[in-house]
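Trainee: Sequence and predicted structure are below.
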Amino acid sequence: GPFALLSAISIYALLKDNRWVKKYPMGLLSVVFIYCIGSYYYSRENVNKTLHKAILDGEKINTMMYNFYQSDEYGMSYLDPLIKEVKENGYPIVMANEIDRVSEGEYLHKNNLKYYSTVCARQVSAKNELGYQYLVLFEISQGRGLRPGYNRFEYPPTIPKKSGKFVPLFHFLIQKGIIDQRNPNLYVLTFAPRWFEEVMKNSLPQMKYERMSPKLSYHNIYRLSLK
C-alpha cells in the first residue's frame with residue numbers, strides 16, 4: 001500500500017544518479033513497478049488470511065490494518081441463490097452473532113424478508129436452582145421498505161449462561177408461535193460458524209443444523225430442523 005509506494009520513491013531518489021540507472025532507466029522503473037505490485041498482492045493475501053482466521057475464531061477485526069470490510073469474503077451477492085430457498089420455504093430467518101446487522105438487515109429487506117435478532121442480553125439474576133434469568137431486547141423487522149417495527153423485552157426461560165444471544169431468541173420465537181414447537185424449522189445467519197455449532201451442540205442438542213453456504217464467509221446461512 002502507501003508504505004510500498006513511499007519505499008519505492010525513496011529507492012528511486014537514491015538511485016536516480018546511478019550510472020547503471022541512467023543507462024537503463026526502464027530497468028529501474030520495471031523493478032519499482034514489480035516491487036509495488038508484488039507488495040500489494042502480498043499484503044492483500046496476508047489481510048485475507050488474517051480475516052479468514054478471524055471468521056473461524058468468531059472474531060470481529062476492525063483495525064487500521066485489518067478490517068472485515070476489506071475481506072473478499074464480506075460480500076453478500078453469493079447468498080442470492082440461498083435466499084431464494086429461504087423465501088420459498090417461508091421459515092423464519094434469525095441473525096445470530098451477526099457481523100453487521102445494518103447491512104445484513106438492508107440485504108434481507110431488499111429481498112422482502114423479515115428477520116429476527118437479539119440486540120442485547122443482560123443477566124438479571126444470579127445462578128439458582130433453576131439456572132440464570134435474562135432480560136433480552138429483541139429486534140423484529142417487517143420486511144421490504146420498512147424499518148424494524150418494534151422491540152420487545154421478554155424474560156425467556158432458563159438458559160445456559162454461555163449460550164449467547166441465539167438461544168433466548170430461539171425460545172422467544174417459540175413462545176410467540178413464530179417458530180412451530182412441534183416442527184421448529186428456521187434459518188440462521190451468522191458470521192461465527194464455530195461458535196454457532198458449539199452453541200447448537202451444547203444448548204439445543206435436539207436440533208439438526210446444516211450449513212447451506214458453499215464456503216465460509218462473514219455471512220453463513222444454516223438450515224435448522226428437528227432431529
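Mentor: All right, it came through fine. Numbering: from 1, shown residues only.
Trainee: contacting residues for Tyr74?
Mentor: Contacts for Tyr74 (C-beta atoms under 8 Å, 6 or more residues apart in numbering) come out as Phe68, Ile99, Ser217, Tyr218, His219. Placement of C-beta: from N, CA and C, glycine included.
Trainee: How much space separates the fourth one from Asn46?
Mentor: Taking C-beta to C-beta, to the nearest Å as the measure, Tyr218 and Asn46 are separated by 18 Å.
Trainee: ok, those two, which is more surrounded?
Mentor: Under the neighbour definition other C-beta atoms under 10 Å, Tyr218 and Asn46 were set side by side, and Tyr218 has more, 24 against 12.
Trainee: rewinding a little: generate TSV for the contacts of Tyr74, with secondary structure as supplementary columns.
Mentor: Below are the contacts of Tyr74 laid out as TSV (DSSP: H, G, I helix; E, B strand; the rest coil):
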residue	secondary structure
Phe68	helix
Ile99	coil
Ser217	coil
Tyr218	coil
His219	coil
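Trainee: Nearest to Ile37 among the residues you listed?
Mentor: Ile37 has its nearest neighbour among the contacts of Tyr74 in Phe68, at 24.9 Å by C-beta to C-beta.
Trainee: mind checking the longest helix of this protein?
Mentor: helix 25-57 (DSSP state H).
Trainee: So for that helix, mean pLDDT?
Mentor: For helix 25-57, mean pLDDT is 77.
Trainee: Can you give me the buried ones in that helix?
Mentor: Residues of helix 25-57 classed as buried: Leu28, Val32, Cys36, Ser39, Val47, Leu51, His52, Ala54, Ile55 (neighbour count, 16 or more other C-beta atoms under 10 Å).
Trainee: Then stretch 96-108?
Mentor: Buried residues in stretch 96-108 (16+ other C-beta under 10 Å): Ala96, Asn97, Glu98, Ile99, Asp100, Arg101, Glu104, Gly105, Tyr107, Leu108.
Trainee: CA atoms only for it, dumped as PDB, please.
Mentor: What follows is stretch 96-108, C-alpha atoms only, in PDB (Å, rounded to 0.1, in the frame of the first residue of the first chain):
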ATOM      1  CA  ALA A  96     -27.100 -14.800  15.500                       C
ATOM      2  CA  ASN A  97     -23.800 -13.200  16.300                       C
ATOM      3  CA  GLU A  98     -24.100 -11.300  13.000                       C
ATOM      4  CA  ILE A  99     -21.200  -9.200  11.600                       C
ATOM      5  CA  ASP A 100     -23.200  -6.200  10.600                       C
ATOM      6  CA  ARG A 101     -26.900  -6.000  11.500                       C
ATOM      7  CA  VAL A 102     -27.400  -2.800   9.400                       C
ATOM      8  CA  SER A 103     -26.100  -4.100   6.100                       C
ATOM      9  CA  GLU A 104     -27.400  -7.600   6.500                       C
ATOM     10  CA  GLY A 105     -30.800  -6.100   7.500                       C
ATOM     11  CA  GLU A 106     -30.800  -4.000   4.400                       C
ATOM     12  CA  TYR A 107     -30.000  -7.100   2.300                       C
ATOM     13  CA  LEU A 108     -32.900  -9.000   3.800                       C
END
